[in-house]
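Colleague: sequence first, then the predicted structure, then my questions.
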Amino acid sequence: MTRPQLPAPPETGLNTDLATHLPHWEEIYRDLHAHPELAFEEHRTAAVVASELARIGGWDVTRQVGGSGVMGVLRHGEGPVVWLRADMDALPVREETGLSYASVEAGLMHACGHDVHVAALLGACRQLAARPDAWRGTVVAVFQPAEEVGRGAQAMLDDGILDRFPRPEVVLGQHVGPLPAGLVITRPGAIMAAADSVRVTLYGAGAHASAPHLAVDPLVMAAAVVMRLQTLSARLAPLTPSPLLTVGALHSGTVPNVIPHTAELLCSLRTFDERTREDLLTGLRRVVRAEATAQGALQEPEILTYDSFPVTVNDADATERLLAALTAGGVRCEVLPVPLSASEDFGRFAVAAGCPSVMYHFGGADPADFDADAIAALERGELPSGTVMNHSPHYAPSDRHAVAAGARHLLTAAGAWLHRHESAEAPRTA
Ligand SMILES: [Zn+2]
Ligand SMILES: [Zn+2]
């Protein structure tokens with residue numbers, strides 16, 4: 001069995017002695033994993049973050065930013081202001097990993113790996129405080145609430161973070177994924193899709209199941225809408241990457257012998273530019289209204305858009321700089337041909353600040369878990385069959401590899417700005 005060639009990054013500059021401290025950050029990760037909290041309820045997580053930053057020392061810590069967010073500021077002379085962002089929230093998923101440190105909160109799980117992001121950023125914060133000789137500038141650590149509902153970044157911006165803290169010259173963010181540790185994927189331009197959730201309520205007229213002629217059946221209406229919506233993304237958008245429109249939930253009725261009064265659909269749209277987004281939303285409204293009319297609905301359907309995420313766009317120059325630093329640090333980097341269809345609210349910070357930003361995804365899995373077939377799939381740019389993705393109740397990054405990779409990448413990425421005039425990140429030749 002061959003394994004990916006992923007040499008350990010050199011322990012130089014900001015990464016020096018990180019390995020010594022990793023057991024602590026892995027312990028923090030396992031603790032966060034066992035105690036997941038939903039969007040805007042990350043109070044315990046925020047307390048862990050604040051107490052760790054206080055213990056590290058040197059960091060100026062502000063809590064309750066945009067709700068449960070935490071901001072840390074570390075100044076070290078003249079130089080660029082770099083924001084490093086980690087999201088903190090978990091999901092309403094019942095964990096089925098069987099891990100010894102699995103969630104103790106019923107029905108809640110860190111299924112997206114935001115616990116990795118928090119532990120990795122804390123590890124990076126310790127290195128920055130402990131290695132002042134290796135950098136110049138100001139680092140702002142942004143511990144963001146409520147990414148999963150797409151509102152946390154905006155809540156922090158609405159709380160005045162651009163005025164209350166040093167304004168960023170670049171914003172960097174990372175996301176763990178089911179790739180081998182040591183692999184980073186990203187791309188210049190659009191990296192993640194815009195997303196909108198849409199709730200559609202259809203109104204019919206209920207009746208006895210034995211008398212459908214007296215009813216306007218919202219179930220039949222809903223079924224027709226679901227089928228018609230399938231053609232929208234295929235017929236409205238000429239460009240790749242393809243937009244997506246998924247009906248993720250359909251609720252109507254309770255018993256077999258009653259035709260219900262209403263039906264509710266929950267839809268998820270993923271698009272990569274504003275025009276396609278508008279076209280799809282307009283098309284969805286048209287299809288829903290026309291179908292309700294066609295079936296003789298007695299009341300107009302209700303269509304509500306919520307939990308909207310903007311498209312995440314990586315600045316081309318900043319992405320090039322980040323990739324050069326990671327590659328020089330021994331990290332295997334791949335540039336994606338098309339954006340990912342997942343979404344993030346990370347992009348809001350840089351858009352609001354008018355500065356560049358880069359989001360990249362990194363492997364959090366043990367490289368030893370990838371056999372020859374899996375490596376071949378990765379080399380074709382595909383995920384190996386049977387890959388357990390983020391948001392699955394079985395998703396479990398490796399505690400030993402994910403936190404280490406996250407902290408290293410973040411430090412190397414930040415170093416690309418903070419080290420500007422030095423070459424401390426390059427391997428030393430002795
Ligand atoms: Zn997620
Ligand atoms: Zn996530």
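Modeller: Structure received. Ligands and ions are numbered 1, 2, ... in the order given.

Colleague: could you pull up phi and psi at residue 93?
Modeller: phi -120, psi 140 (degrees, to the nearest 10).

Colleague: was I right about it contacting residue 393?
Modeller: Yes: between residue 93 and residue 393 there is a contact at 5.3 Å, judged by C-beta atoms under 8 Å. Just so you know, the C-beta spots here come from the backbone N, C-alpha and C atoms, and that holds for glycine as well.

Colleague: intersection of neighbour lists for those two?
Modeller: Listed as contacting both residue 93 and residue 393 by C-beta atoms under 8 Å, 6 or more residues apart in numbering are 109, 111.

Colleague: export stretch 103-122 as PDB, just CAs?
Modeller: The C-alpha coordinates for stretch 103-122 follow below in PDB (Å, rounded to 0.1, in the frame of the first residue of the first chain):
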ATOM      1  CA  SER A 103     -20.800  14.500  22.500                       C
ATOM      2  CA  VAL A 104     -22.400  14.400  25.900                       C
ATOM      3  CA  GLU A 105     -25.100  16.800  24.700                       C
ATOM      4  CA  ALA A 106     -28.100  14.900  23.400                       C
ATOM      5  CA  GLY A 107     -28.800  15.500  19.800                       C
ATOM      6  CA  LEU A 108     -25.800  17.900  19.400                       C
ATOM      7  CA  MET A 109     -22.600  17.200  17.600                       C
ATOM      8  CA  HIS A 110     -19.500  19.000  16.300                       C
ATOM      9  CA  ALA A 111     -20.200  17.300  13.000                       C
ATOM     10  CA  CYS A 112     -18.600  20.100  10.900                       C
ATOM     11  CA  GLY A 113     -15.200  20.100  12.800                       C
ATOM     12  CA  HIS A 114     -15.500  23.700  14.100                       C
ATOM     13  CA  ASP A 115     -14.000  22.300  17.400                       C
ATOM     14  CA  VAL A 116     -10.800  21.500  15.300                       C
ATOM     15  CA  HIS A 117     -10.800  25.100  14.100                       C
ATOM     16  CA  VAL A 118     -11.000  26.500  17.700                       C
ATOM     17  CA  ALA A 119      -8.300  24.300  19.100                       C
ATOM     18  CA  ALA A 120      -6.000  24.900  16.100                       C
ATOM     19  CA  LEU A 121      -6.400  28.700  16.300                       C
ATOM     20  CA  LEU A 122      -5.700  28.600  20.100                       C
END
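
Colleague: may I see the buried residues of that stretch?
Modeller: 103, 105, 108-122 (16 or more other C-beta atoms under 10 Å).

Colleague: compare residue 93 and residue 393 (neighbour count), which wins?
Modeller: residue 93 (19 against 15; other C-beta atoms under 10 Å).

Colleague: OK, contacts around the more buried one?
Modeller: Taking C-beta under 8 Å, 6+ apart, one finds 107, 108, 109, 111, 391, 392, 393 in contact with residue 93.

Colleague: state the distance from residue 411 to residue 143.
Modeller: As judged by C-beta to C-beta, to the nearest Å, residue 411 and residue 143 stand 17 Å apart.

Colleague: whoops, residue 310 was the one
Modeller: 21 Å.

Colleague: who's more crowded, those two?
Modeller: Between residue 310 and residue 143, counted using other C-beta under 10 Å, the more crowded position is residue 143 (32 against 21).

Colleague: ok, and the closest non-adjacent residue to the more buried one?
Modeller: Take residue 143 and drop its neighbours on the chain: the residue closest to it by C-beta to C-beta, 6 or more residues apart in numbering is residue 70, 4.1 Å away.

Colleague: shouldn't the one you found be within a strand?
Modeller: Yes: counting by DSSP: H, G, I helix; E, B strand; the rest coil, residue 70 is part of a strand.

Colleague: quick one: the helices in the stretch 251-400 of the chain?
Modeller: Under the criterion DSSP state H, counting those that start in this stretch, helices of the stretch 251-400 of the chain are mapped to 274-294, 316-328, 347-353, 372-379, 399-418.

Colleague: can I get those in a markdown table with mean neighbour count, distance to residue 47 and mean pLDDT?
Modeller: Putting the helices of the stretch 251-400 of the chain into a markdown table (neighbours: other C-beta atoms under 10 Å; distance: least, C-beta to C-beta, whole Å; pLDDT from 0 to 100) gives the following:
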| stretch | mean neighbour count | distance to residue 47 | mean pLDDT |
| --- | --- | --- | --- |
| helix 274-294 | 17 | 38 | 94 |
| helix 316-328 | 18 | 31 | 97 |
| helix 347-353 | 21 | 23 | 96 |
| helix 372-379 | 15 | 38 | 91 |
| helix 399-418 | 26 | 19 | 97 |
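
Colleague: out of those, which is closest to residue 181?
Modeller: helix 399-418 (3.7 Å; C-beta to C-beta).

Colleague: if we can go back for a sec, pipe the helices of the stretch 251-400 of the chain into JSON lines and attach distance to residue 44 per row.
Modeller: Below are the helices of the stretch 251-400 of the chain laid out as JSON lines (distance: least, C-beta to C-beta, whole Å):
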{"stretch": "helix 274-294", "distance to residue 44": "36"}
{"stretch": "helix 316-328", "distance to residue 44": "32"}
{"stretch": "helix 347-353", "distance to residue 44": "24"}
{"stretch": "helix 372-379", "distance to residue 44": "36"}
{"stretch": "helix 399-418", "distance to residue 44": "19"}
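
Colleague: I'd like to know which of these is closest to residue 52.
Modeller: Among the helices of the stretch 251-400 of the chain, helix 399-418 sits nearest to residue 52 (C-beta to C-beta), with 12.8 Å.
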